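*Asks:* Below: sequence and its predicted model.
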Amino acid sequence: MKLMTRMQGWLGRKDASPGLSESDLYALLAGGGTKSGASVTFTTALQVAAVLACVKVIAEDIGKVPFKLYQTVENNGLRQRKLATAHPLFRVLALQPNFWQTSQEFREYMTACAVLSHGGYAYISRNRAGAVQELLPIHPSRMSVTQHADYALVYTATATDGSKQSFKREDIFHLKGLSLDGFLST
């Protein structure tokens with residue numbers, strides 16, 4: 001009963017007792033502190049068995065579904081979908097996004113990051129011709145996203161040595177997590 005009353009408070013129902021404010025809920029979901037003062041992070045959340053179990057179910061279910069890349073082709077005036085095995089992205093997306101992860105492992109990791117934090121991030125590594133060669137995951141704790149007045153997104157990654165590098169939106173694969181503004185999930 002107490003949970004229901006609190007949920008009604010979160011949803012703005014007037015008959016409910018005061019619950020978390022919108023900013024409190026956002027801070028809690030985005031990894032901020034709680035009213036008790038405890039900090040909820042990616043790592044501490046996974047130490048709770050229920051959280052770990054839920055994240056595993058979601059991430060493993062997304063990871064085990066085959067990732068297929070299709071292309072649309074004309075055949076006797078009809079548009080048809082065809083598996084695009086010859087497309088350069090097929091190998092990266094369906095088989096191996098980088099030299100140490102399978103497609104399933106990559107999708108599980110990115111999904112877990114999106115569920116537990118403000119998103120999953122990967123740097124899009126391209127060859128000199130601009131073709132995608134690999135997707136290199138970046139831990140969410142090392143990434144920040146800013147939006148400029150013209151709505152352009154800039155991603156800033158912090159390396160282990162503390163140095164920072166900024167990337168344009170087209171250089172980062174961002175699997176967005178929960179968003180309270182409908183645009184950014186940070």
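*Replies:* Nice, thanks for sending it over. Residues are numbered from 1 along each chain as shown.

*Asks:* Do a quick rundown of the strands in this structure.
*Replies:* Using DSSP state E, the strands of the chain run over 70-75, 78-83, 119-126, 132-138, 143-147, 153-158, 164-168, 172-176.

*Asks:* can you tell me how far L52 sits from L46?
*Replies:* L52 is 5 Å from L46, where distance means C-beta to C-beta, to the nearest Å. (Glycine included, C-beta is placed from N, CA and C.)

*Asks:* chain center to the longest helix belonging to the chain, what's the gap?
*Replies:* What stands out as the longest helix in the chain, according to DSSP state H, is helix 49-64. With C-alpha atoms, centre = their mean, to the nearest Å as the basis, the distance from the averaged C-alpha position of helix 49-64 to the chain average is 14 Å.

*Asks:* what does the average pLDDT come to for it?
*Replies:* On average, the pLDDT along helix 49-64 is 91.

*Asks:* hmm, who's touching it?
*Replies:* A45, L46, Q104, E105, R107, E108, Y109, T111, A112, V115, L116 (C-beta atoms under 8 Å, 6 or more residues apart in numbering).

*Asks:* let's see 10 Å
*Replies:* Helix 49-64 is contacted by residues 40, 42, 44-46, 48, 102-116, 120, 175 when judged by C-beta atoms under 10 Å, 6 or more residues apart in numbering.

*Asks:* Now do the shared contacts for L52 and L46.
*Replies:* Taking C-beta under 10 Å, 6+ apart as the criterion, L52 and L46 both touch A112.
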